[in-house]
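no FASTA, just this:
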């Protein structure tokens with residue numbers, strides 16, 4: 001039996017996402033009995049809680065009991081209510097757009113003019129387009145446009161897994177490795193007292209290279225399932241309502257389709273303006289998505305009965321994903337209950353001491369990858385770890401810029417497989433892709449990008465990256 005067969009069998013043994021998350025919840029609960037509780041002191045600087053370096057101390061153990069473990073689940077929903085709601089709203093908005101036929105007709109018309117012979121080029125261009133949105137716009141801010149990739153992928157002869165690769169994979173890579181990510185790079189540069197977004201060239205090369213890997217893998221996957229449909233990881237997933245309903249050559253755009261599409265694009269442009277100019281976040285986006293939904297219903301002259309049916313249909317499709325977002329958030333609640341997050345960060349920092357220079361840089365990214373599963377927020381992880389990691393990096397002989405790059409790699413790449421990251425679960429749900437299927441698809445990509453990122457880190461150490 002060759003290695004590929006063994007790997008394939010390992011993929012096939014992955015349990016359902018609900019089982020995976022339940023296992024992590026049980027594991028974290030058990031860890032609160034084994035891992036010592038500890039805390040760093042924190043100080044408020046310019047409205048933000050910053051960890052005070054060298055302030056870690058153990059505290060009385062706070063193990064999580066059976067009742068509290070189950071209590072963490074509704075508390076997780078409480079902490080993630082904004083993302084849970086935007087998943088539902090995204091499902092509603094796309095359901096109404098779907099009923100208007102504007103998205104289907106626009107994609108069908110686009111492919112009719114470009115031709116299916118250019119389908120691989122379309123996959124590459126759309127991967128980079130979604131990646132560019134991740135770089136420039138943010139992460140959860142792009143939730144509303146993820147389902148468009150589903151219609152596009154099916155129209156090209158792909159499946160919902162390919163749709164997630166084009167949209168979720170590209171957005172996650174673009175955001176995670178963005179040279180202008182305000183949550184990771186921006187926060188890190190502020191803590192390290194470096195010029196904002198300095199060292200952008202090396203980061204840009206890494207981000208572009210990682211998106212190239214994603215685009216190549218998407219094209220390779222489409223070629224494989226085109227030749228061997230039985231190898232599709234999307235077999236059996238619900239495609240109802242997002243498949244093209246007629247042959248490509250019969251598609252055309254009506255004047256009403258153009259009106260609806262204009263309303264939608266204007267709404268998305270409003271979101272982008274609000275994010276950059278007005279500091280909008282999740283609730284603001286949800287409000288705009290609701291407004292887009294209503295405006296699309298009016299512009300398409302949709303009857304009230306059909307509109308309400310589409311709203312309820314959208315909720316029914318998005319509800320499983322919304323549930324998974326809240327369920328995954330229980331993990332973070334359990335970490336806080338057991339007071340073990342700071343202990344894990346502290347122990348990983350101690351583990352790095354005494355390592356050779358190149359090994360220290362790579363190990364620092366590995367440590368940040370591990371921490372990312374417990375602190376999935378990029379800015380939260382930066383505030384929790386960089387005040388410790390930056391001085392440690394200097395002691396090891398690493399520049400501050402290299403330490404921040406190692407942090408960004410650890411945080412950004414593992415976002416592709418992080419079950420505690422609400423935005424990832426939310427976007428996958430809008431592509432109707434379960435987490436276990438996604439992990440089977442994306443695992444090789446993560447390995448390749450990590451290898452590429454570690455090579456970049458080695459270069460950064462070699463050149464004294466500033």
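Thanks, I have it. Model, not experiment: these values are computed from the prediction.

need the helix or strand of the protein with the lowest average pLDDT.
helix 3-12 (a mean of 46; mean pLDDT, DSSP states H and E).

how much space between residue 266 and residue 292?
From residue 266 over to residue 292 the distance is 8 Å, taken as C-beta to C-beta, to the nearest Å. All C-beta atoms are positioned from the backbone trio N, CA, C, and that covers glycine.

In a helix, residue 73, correct?
Yes - judged by DSSP: H, G, I helix; E, B strand; the rest coil, residue 73 forms part of a helix.

which residue packs closest to it, ignoring adjacent ones?
Spatial nearest neighbour of residue 73, excluding adjacent residues (C-beta to C-beta, 6 or more residues apart in numbering): residue 330 at 4.6 Å.

if I've got this straight, the one you found is in a helix?
Yes - judged by three-state DSSP, residue 330 forms part of a helix.

what's the neighbour count on residue 161?
Counted by other C-beta atoms under 10 Å, the residues lying close to residue 161 total 26.

just residue 376 next, same as before
Counted by other C-beta under 10 Å, the residues lying close to residue 376 total 23.

got it, and residue 66?
Around residue 66 sit 8 other residues, with neighbours defined as other C-beta under 10 Å.

got a pLDDT number for it?
With respect to pLDDT, residue 66 has a value of 93.

Which residue ranges of this protein form strands?
38-39, 42-45, 48-51, 57-58 (DSSP state E).

Would you single out the least confident of those strands?
For the strands of the chain, the weakest mean pLDDT is recorded on strand 48-51, namely a mean of 60.

quick one: low-confidence parts of the protein?
Within the chain, the segments meeting pLDDT under 70 span 1-17, 45-51, 53, 137, 354, 377, 379-380, 383-384, 395.

Need the residues that contact stretch 202-221.
Contacts to stretch 202-221, defined as C-beta atoms under 8 Å, 6 or more residues apart in numbering, come from residues 120, 123-124, 127-128, 131, 135, 158, 161-162, 165-166, 169-170, 173-174, 177-179, 185, 405, 408-409, 413, 441, 444-445, 448-449, 452-453, 456, 459-460, 465.

among these, which ones are buried?
Buried residues within these, counting neighbours by 16 or more other C-beta atoms under 10 Å: 120, 123-124, 127-128, 131, 135, 158, 161-162, 165-166, 169-170, 173-174, 177-179, 185, 405, 408-409, 413, 441, 445, 449, 452-453, 456, 460, 465.

roughly how far apart are residue 423 and residue 404?
To residue 404, residue 423 is 22 Å away according to C-beta to C-beta.

burial measure for residue 274, as a count.
For residue 274, the neighbour count with other C-beta under 10 Å is 17.

Give me the nearest residue to it, chain neighbours excluded.
Excluding the flanking residues, the one nearest residue 274 by C-beta to C-beta, 6+ apart is residue 280, at 3.6 Å.

Now the one you found: phi and psi?
With angles defined as degrees, to the nearest 10, residue 280 sits at phi -70, psi 150.

Residue 355 is in contact with residue 362, isn't it?
No - applying C-beta atoms under 8 Å, one finds residue 355 not in contact with residue 362, separated by 9.0 Å.

who's more crowded, these two?
Counted by other C-beta under 10 Å, residue 355 and residue 362 do not tie: residue 362 has more neighbours, with 20 against 14.
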